[in-house]
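Enquirer: Any chance you can model this:
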Amino acid sequence: MAAALAACGATDETDRLRQAERPVSECPSLGNVGTFMSETEARLVIVGELHGTEQGPRLIGNMVCHALASGKSVAVGLELPGDDGRLDAYLESPGGPSDIDAFTRDSRWRAEQQDGRRSRAKFDLIETLRAFRAEGHRLSVFGFVSNFDASPYLNADRNALADQDGYAEAHEANMARNIVSGLQDADLTIVLVGSVHGCEGRMERDGRDYRLMSDFIDVPGTVRLLTTYATGTAWNCRGGVCGPSTAEGQDATEAAPFMIDLTRQPEFICDYDGAVTLGPISASEPFASADVP
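Expert: Predicted structure coming up:
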C-alpha cells in the first residue's frame, strides 16, 4: 500500500502519491494499535490531536488500516470542510496530479497562514484513505466542518462578533451534529480533531465559557482518546504567528509510542477516556509549501 500507507507507517518520499499496492492485511505494526482496533467494541473513537505533527495523521491511517483488516466497515471524520464537494471529489478520483491540484487549489489549502490542519501529513492521510477506497474496502470519509448561521452572534452592524462564546459553542455543536450524521451504518467511526474539541466538557479558560464539540455527542460506545507525546516540534499558530515550534510533551522520551491505554486519565482542560502515546513528535509542514505548484 505504498502511498496509502504513508500515514500508516511508510516514510519513503517517493511512495507518497503512488497507487496502493499491498492489501490491508499487511498493515504496519505500531504499538498496540492493531490489537486495540481488532478487539474494540467502540462505535465511535474520537482522537484529539495537536495539529501539525507527522505522528497524528499517521496514527489515524494505521487505526483505519487495522480496523479494515479486522473486517470492520469504517467511517473517518476529518476536521475539514464537508460541504464544498472537494473532499468527496478527490476520494472518488484516481489521485493523479490534476486531481490533487483540484482538491488543494482551495484557498484554505494554499493560504499563507497555516495552523497544521492542512499539513503534508494530513494530505498523506487523505491519500491513504483514497487508496483504501480504490481497493474496494468498506470505507467512507467525511469532513465535519460546515457553514452555519452566525447572524445571532454578530453585532448590530453585522461586521464583527458580539458574542464570541455563543458563536464558539454554535460552531462546536455544528461539528458534533455533522459527526453524528456521518456515523451512517459503519461498524466503527474514527474522528481526528483538535484536542480541545475532542474532550468532553466545557472550555473554561482565559475568560471563555462554552461547551465543546465532544460534549454534544451522546453516542453509545464512544471512546475519546487524547494523543500524548514526548517533547518535539509541531507546526501550528501561537500568538498569531504560524510555523514550527517546540511542543513540550507529557511523556518521557523513552515511553513506548503508539500505545493506547484506556486506564490512563491524561491531564487536560476537560475529560478523555484514555490516551494514546505518539513518542517524540515532529512538525509536518503545510501542504502549500514552496515545492507545490
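Enquirer: Please count neighbours and contacts with C-alpha atoms only from this point.
Expert: Noted.
Enquirer: Name the nearest residue to the residue nearest the centre of the chain, ignoring sequence neighbours.
Expert: Taking C-alpha atoms, centre = their mean, the centroid of the chain lies closest to Leu192, which sits 2.8 Å from it. Leaving aside its chain neighbours, Leu192 sits nearest to Val47 (5.0 Å; criterion: C-alpha to C-alpha, 6 or more residues apart in numbering).
Enquirer: Contacts for the strand or helix carrying the one you found, please.
Expert: In this assignment (DSSP states H and E), Val47 forms part of strand 44-49. For strand 44-49, contacts defined as C-alpha atoms under 8 Å, 6 or more residues apart in numbering pick out 56, 188-199, 219, 221-227.
Enquirer: quick one, helices of the chain?
Expert: Assigned helices in the chain, in chain order: 33-39, 55-69, 86-91, 97-104, 107-110, 120-134, 164-182, 195-198 (criterion: DSSP state H).
Enquirer: nearest to Ser282, of those?
Expert: Comparing those by their distance to Ser282 (C-alpha to C-alpha), the top pick is helix 55-69, with 7.3 Å.
Enquirer: Tell me which other helices or strands that closest one touches.
Expert: Using 3 or more C-alpha pairs under 8 Å, 6 or more residues apart in numbering; DSSP states H and E, the elements in contact with helix 55-69 are helix 33-39, strand 74-81, helix 120-134, strand 188-194.
Enquirer: Gly232 pairs with what?
Expert: Beta-bridge partners for Gly232, by DSSP bridges, are Ala247.
Enquirer: Residue numbering should commence at 57 henceforth.
Expert: New numbering, starting at 57: the last item is Gly288.
Enquirer: how close does Asn230 sit to Phe198?
Expert: Going from Asn230 to Phe198 by C-alpha to C-alpha, to the nearest Å gives 14 Å.
Enquirer: again, but for Thr319
Expert: In terms of C-alpha to C-alpha, Thr319 sits 30 Å off from Phe198.
Enquirer: How about Arg264, nearest residue that isn't a chain neighbour?
Expert: Closest to Arg264 by C-alpha to C-alpha, 6+ apart is Asp221, at 6.5 Å.
Enquirer: that older thread, tell me the angle the strand holding Val103 makes with helix 111-125.
Expert: With axes from the mean of the first three to the mean of the last three C-alpha atoms, to 10 degrees as the basis, strand 100-105 and helix 111-125 are set at 160 degrees to each other.
Enquirer: and strand 100-105, how far out from the chain's middle?
Expert: With C-alpha atoms, centre = their mean, to the nearest Å as the basis, strand 100-105 stands 8 Å off its chain's centre.
Enquirer: Name every strand pairing with that strand and say which way it goes.
Expert: Applying DSSP bridges to the sheet, strand 100-105 is found paired with strand 244-250 (parallel), strand 278-286 (parallel).
Enquirer: As CSV, the ones you listed with distance to Val236 would be great.
Expert: Shown next, in CSV, are the strands paired with strand 100-105 (distance: least, C-alpha to C-alpha, whole Å):
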stretch, distance to Val236
strand 244-250, 10
strand 278-286, 11
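Enquirer: Arg267 is nearest to which of those strands?
Expert: Per C-alpha to C-alpha, nearest to Arg267 of the strands paired with strand 100-105: strand 244-250, 14.7 Å.
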